[in-house]
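> Could you look at this predicted model? Sequence included:
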Amino acid sequence: MDEEWITMSEAASRLGISLSKISRLAAVGRIKTNLNPYDERTKLVDFTELRAMFPPRSTKGKQVK
């Protein structure tokens, strides 16, 4: 499986989940993280791994306002 390393905030935005949820998963070791070589304040997560944990939600049957 190919890895796609992105920032935690980008992953949260793409998946529609909170940044704190991703941070908690990383803190307890449920997901892999790497240091960001361009910004030492942020960590990178494997988006492929997260996408498998949080598949896209279906909006079928829901009204969009």
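Good, I have the coordinates.

> where's the residue nearest to the spatial centre of the chain, which helix or strand?
In the chain, the residue lying closest to the centroid (CA atoms, centre = their mean) is A11, at 3.4 Å. Taking DSSP states H and E as the criterion, A11 maps to helix 8-15.

> for V45, same thing?
V45 belongs to strand 43-46 when assigned by DSSP H and E.

> And the helix or strand L25 falls within, how far out from the chain middle?
Secondary structure assignment for L25, by DSSP H and E: helix 19-27. Distance of helix 19-27 from its chain centroid, counting by CA atoms, centre = their mean, to the nearest Å, is 9 Å.

> what pLDDT does the closest residue to I17 other than its chain neighbours get?
With sequence-adjacent residues excluded and distances taken as CB to CB, 6 or more residues apart in numbering, I17 is closest to F54, at 6.0 Å. Heads up, the C-betas are built off the backbone N, CA and C, glycines and all. Note on F54: pLDDT of 92.

> sorry, back to before: so which elements touch the helix or strand following the helix holding L25?
Per DSSP H and E, the first helix or strand lying C-terminal to helix 19-27 is strand 33-35. Other helices and strands packing on strand 33-35, by 3 or more CB pairs under 8 Å, 6 or more residues apart in numbering; DSSP states H and E, are strand 43-46.
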